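Enquirer: Fold the following for me, if possible:
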Amino acid sequence: MTDAIVATGLRKTFGKTVALDGVSFAAPRGTVFALLGPNGSGKTTLVQLLSTLRLPDSGSARVLGHDLRAAPAEVRAGIGVTGQFAAVDSMLTGEENLLLMAKLGHLSRTEGRARARRLLQRFDLADAAARPPSAYSGGMRRRLDIAMTLMGDPALIFLDEPTTGLDPRSRQTMWQIVRELVAEGVTVFLTTQYLQEADELAERVAVLDHGRIVAAGTPAELKQRVPGAHLTLRFATPADLRTAALALAGSTSDEDALTLRVPMTDGGGAIKRVLDRIPDRVDVEDVTVHTPDLDDVFFAFTTTAADLGRTR
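Expert: Residues are numbered from 1 along each chain as shown. Okay, the predicted model is just below:
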């Protein structure tokens, strides 16, 4: 199979609350599939369904080729789940946390210890292996959490907001870990509220709002669906600004900043055409190009975007 997850019409309600309302999508194997959505959109419920923690009211899904309803044990054997908050035991050492996962996964003592050593080295935790996670930094705890997930050698990992609360350096480290996992053939299902994170990592993105997929595609495809590409021209004098504004119909002036915002529809070719329409005597001091990003996609397709702070 080319898809790690194929979901069709998944629906889940809690009383009168509709958490998921006919969700359908496919996540290709060996890629990062990012799920974006405001708080309360249904992201966590979808992860719970796909990881067999809950059953859908209707609809179906196949995970790693196995039907959620008919073969939940086979699904669980092939996946790993890392929640928003590190699920480590602070009473155990880092190494003991890994060995506990090995025991739960029915690995032999020898295999469990060998795998734990490899993961401690890989995630730069070998020097902290004998220390309890309570003495770890936030980034170290997240790395240990993912290492614990990898003890079972999963083909598909669910990462629920893995970099929440991390500093920029730790976030970059986590991104590199995700890239390495995908390079090894692992599929990563990522939920995140850091839109840059999805843009950096994901091959495909789905936007979930009020329990429905409201947009899906590659990051580039989604950006192309959102209007708003424009040039911002800055001028030396108010007179230059006014002259340029007369020459560029449809532009918007900011006289305090001496800038002119000009809509742009077709990339680099439009830049030259805009500049060619400005009289030679006008002094353009600066040109800035703005193209839509995933922030723009999020705000364009969701109706509860106020729940999510913009992160740039």
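Enquirer: how close does the residue positioned nearest the centre of the chain sit to Gly78?
Expert: Taking Cα atoms, centre = their mean, the centroid of the chain lies closest to Ala198, which sits 3.2 Å from it. Per Cβ to Cβ, to the nearest Å, Ala198 is found 24 Å from Gly78. Backbone N, C-alpha and C define where each C-beta goes, glycine included.
Enquirer: shaky segments in the protein?
Expert: 1, 84-86, 265-268, 304-312 (pLDDT under 70).
Enquirer: Any idea how many residues pack against the residue nearest to Val18 when sequence neighbours are not counted?
Expert: With Cβ to Cβ, 6 or more residues apart in numbering as the criterion, Val18 has its nearest non-adjacent residue at 5.3 Å, and that residue is Gly211. Per other Cβ atoms under 10 Å, the neighbour tally for Gly211 reads 22.
Enquirer: which ones are touching Gly211?
Expert: Gly211 is in contact with 18-21, 23, 41-42, counting by Cβ atoms under 8 Å, 6 or more residues apart in numbering.
Enquirer: so which of these would you say is closest to Ala245?
Expert: Distance to Ala245 across the contacts of Gly211 (Cβ to Cβ) is lowest for Ser41, with 41.0 Å.
Enquirer: pretty sure that closest one is touching Ile213, no?
Expert: No: using Cβ atoms under 8 Å as the test, Ser41 is too far from Ile213 to be in contact (10.1 Å).
Enquirer: More neighbours: which of the two?
Expert: Neighbour tally, Ser41 and Ile213, criterion other Cβ under 10 Å: the higher count belongs to Ser41, 26 against 22.
Enquirer: quick one: that one and Gln172, what's the gap?
Expert: According to Cβ to Cβ, Ser41 stands 27 Å off from Gln172.
Enquirer: Can you mark which positions in the longest helix along the chain are buried?
Expert: Across the chain, the longest stretch assigned as helix under DSSP state H is helix 168-183. For helix 168-183, burial by neighbour count (16 or more other Cβ atoms under 10 Å) applies to 170-171, 173-175, 177-178, 181-182.
Enquirer: Stretch 190-202 now?
Expert: Neighbour counts over stretch 190-202 (16+ other Cβ under 10 Å) mark 190-195, 197-202 as buried.
Enquirer: okay, the residues you listed in JSON lines with secondary structure and distance to Thr52 next?
Expert: Output for the buried residues of stretch 190-202, formatted as JSON lines (DSSP: H, G, I helix; E, B strand; the rest coil; distance: Cβ to Cβ, whole Å):
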{"residue": "Leu190", "secondary structure": "strand", "distance to Thr52": "19"}
{"residue": "Thr191", "secondary structure": "strand", "distance to Thr52": "17"}
{"residue": "Thr192", "secondary structure": "coil", "distance to Thr52": "22"}
{"residue": "Gln193", "secondary structure": "coil", "distance to Thr52": "25"}
{"residue": "Tyr194", "secondary structure": "coil", "distance to Thr52": "27"}
{"residue": "Leu195", "secondary structure": "helix", "distance to Thr52": "29"}
{"residue": "Glu197", "secondary structure": "helix", "distance to Thr52": "26"}
{"residue": "Ala198", "secondary structure": "helix", "distance to Thr52": "25"}
{"residue": "Asp199", "secondary structure": "helix", "distance to Thr52": "30"}
{"residue": "Glu200", "secondary structure": "helix", "distance to Thr52": "29"}
{"residue": "Leu201", "secondary structure": "helix", "distance to Thr52": "25"}
{"residue": "Ala202", "secondary structure": "coil", "distance to Thr52": "24"}
